[in-house]
Each structure stands twice: as structure tokens, then as C-alpha cells.
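*Asks:* sequence and predicted structure are below.
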Amino acid sequence: MSSIKLFYFPISPPARVVNFFAAASGINVEIHGVDLTKGEQKSAEFLAINPTGKVPAIDDNGFHLNESQAIARYLGQKFNSSLFPTDPQQRAKVDAANETILQLAFTPSGMLTYYKAFAARFGKTIEPATITAQEETVKANLSQVSELFFKDSPNFVVGTSLTIADITLGTILAQITTVIAYDLSPFAPLQTYFNNLKKNEAFIKSHESFFTLAKNFQ
């Protein structure tokens, strides 16, 4: 059986969520680059895989799926990934934490990064007041994340092992600290957590190409 094809662009946080999840779960994926800066996501070939024209997407022997969290759940179930607990109550805690991180950290921080680093490249002008307001939102939200989690261990969002919540949070923290040099020092638990996560082998493996390419966007 052929390996799962992952359509991927390193700068995309959702794409890296899938790559990080696969690496941490020991799932082999075949990377197929889709260069968003060249508009390759609009090609007929890619649109046949994902009609929304966004990364990530996968092709599992003809089964096509998009949306990073849906892909992670699919891979997790198919390969029995430990990043999704089997105990219903523990799974519910992880799911709730992941949803909170998506709302408080992933989406707002991703938007701030877009405003500050990418918008101008795509011909968009963002008003300074809009950027300032987004900075305040991210600051308040990351403070809340820092207070809500890391109770069982300073190294994990919830519990004492890596879960999908860590994949989601770690990916967006890599984005903002690398692309826009966001300072996490005001959020001590969050900074400690991320410093530890950066030593994780799966994190290193799945972010190598990101750190190389990100230099062009800083």
C-alpha cells in the first residue's frame, strides 16, 4: 500500500499541524510541496485534491481530506495515535483544551502574523490600529492560555504526555516567535512549556523546513 500523501507548505501553521502530528505519532507521510507564494494551490492538479485551494490536504490511496484538525483525527483513528487518549474522559479533556487553544491562540496569533508579515506581500494594507488591536487580543489570550494549562506537567498542555493540544499550541507558538519575533517572556509558564517542546524530536523534524523558509519572511 502506498504512503499517505501530504500536500504541504512549511509556512502554513495548519499544514505543520498535520506534519507535526504525523511525526509525533510515527506515521509516515509523503510530502508534496504546494508553494503558496507561486499560487500552486490554485492549480487544477491541486484543486482536484482539495477544491478549497488550501493546504493541508491528504491523499490516502484516493481518499482526499482537507482541514488540519480533521486530518489529525482521521490519522489518529486510523493509526491508533497516542496523541488522542482512548479513555473517554481524558479524550474529552484533550479535545476541550485543543478547542480552547484554537480559539484563544491559534486563530488570533495566526491573524497577527498575517497582518505583520504576510499581508503586504499579497497587496493588502492593514491599518496600524487594526494591528494594535490584534496585538492586544493576542496578549490577553496568551496570558489566559498560560494560566489555564500546564497544571499536570510544565511540559504538556493537559496530562503528562504529548497530545493533539500540544501539536496545535506548539505549531502556532513556533509561527509567532519565529516570523514576527513575538516575545513569550511575559507568560512564564507558556515560555517554559515552549522551550521544552522545542527539544522534542518530532517538533524538530516537522519544523526544519519551516525554520529555513521563514527567514525569507522575517
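*Replies:* Looks like it arrived, so ask away.
*Asks:* only C-alpha atoms for contact and neighbour calcs from this point on.
*Replies:* Will do.
*Asks:* tell me the pLDDT of Glu201.
*Replies:* pLDDT, Glu201: 98.
*Asks:* three-state assignment of Thr86?
*Replies:* Following DSSP: H, G, I helix; E, B strand; the rest coil, we place Thr86 in the coil state.
*Asks:* how many residues are close by it?
*Replies:* 13 (other Cα atoms under 10 Å).
*Asks:* C-alpha coordinates for the helix ranked longest in the chain, CSV please?
*Replies:* As assigned by DSSP state H, the longest helix anywhere in the chain is helix 128-148. Taking C-alpha atoms only, helix 128-148 is exported to CSV below (Å, rounded to 0.1, in the frame of the first residue of the first chain):
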residue,chain,number,x,y,z
PRO,A,128,-2.0,50.3,12.3
ALA,A,129,-5.0,50.5,14.6
THR,A,130,-6.1,47.1,13.4
ILE,A,131,-2.7,45.6,14.1
THR,A,132,-2.5,47.2,17.6
ALA,A,133,-6.0,45.8,18.5
GLN,A,134,-4.9,42.4,17.3
GLU,A,135,-1.7,42.6,19.4
GLU,A,136,-3.8,43.4,22.5
THR,A,137,-6.1,40.4,21.8
VAL,A,138,-3.1,38.0,21.4
LYS,A,139,-1.5,39.3,24.6
ALA,A,140,-4.7,38.8,26.6
ASN,A,141,-5.4,35.4,25.1
LEU,A,142,-1.9,34.1,25.6
SER,A,143,-2.0,35.2,29.2
GLN,A,144,-5.2,33.2,29.6
VAL,A,145,-3.6,30.1,27.9
SER,A,146,-0.6,30.4,30.2
GLU,A,147,-2.9,30.5,33.3
LEU,A,148,-5.4,27.8,32.1
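*Asks:* that one packs against which elements?
*Replies:* With contacts taken as 3 or more Cα pairs under 8 Å, 6 or more residues apart in numbering; DSSP states H and E, helix 128-148 sits against helix 107-113, helix 188-197.
*Asks:* do a quick rundown of the strands in the protein.
*Replies:* Assigned by DSSP state E, the strands in the chain fall at 4-8, 29-33, 57-60, 63-66.
*Asks:* check which residues of the first one are buried.
*Replies:* So the one you mean is strand 4-8. 4-8 (16 or more other Cα atoms under 10 Å).
*Asks:* any stretches of this protein with poor pLDDT?
*Replies:* Across the chain, the ranges flagged by pLDDT under 70 are 1-2.
*Asks:* give me the distance between the residue lying closest to Ala214 once chain neighbours are set aside and Gly123.
*Replies:* Nearest residue to Ala214 in three dimensions, chain neighbours excluded: Val179, at 6.2 Å (Cα to Cα, 6 or more residues apart in numbering). Relative to Gly123, Val179 is positioned 19 Å away (Cα to Cα, to the nearest Å).
*Asks:* ok, the two, which is more surrounded?
*Replies:* Each of Val179 and Gly123 has its neighbours counted (other Cα under 10 Å); Val179 has more, 23 against 8.
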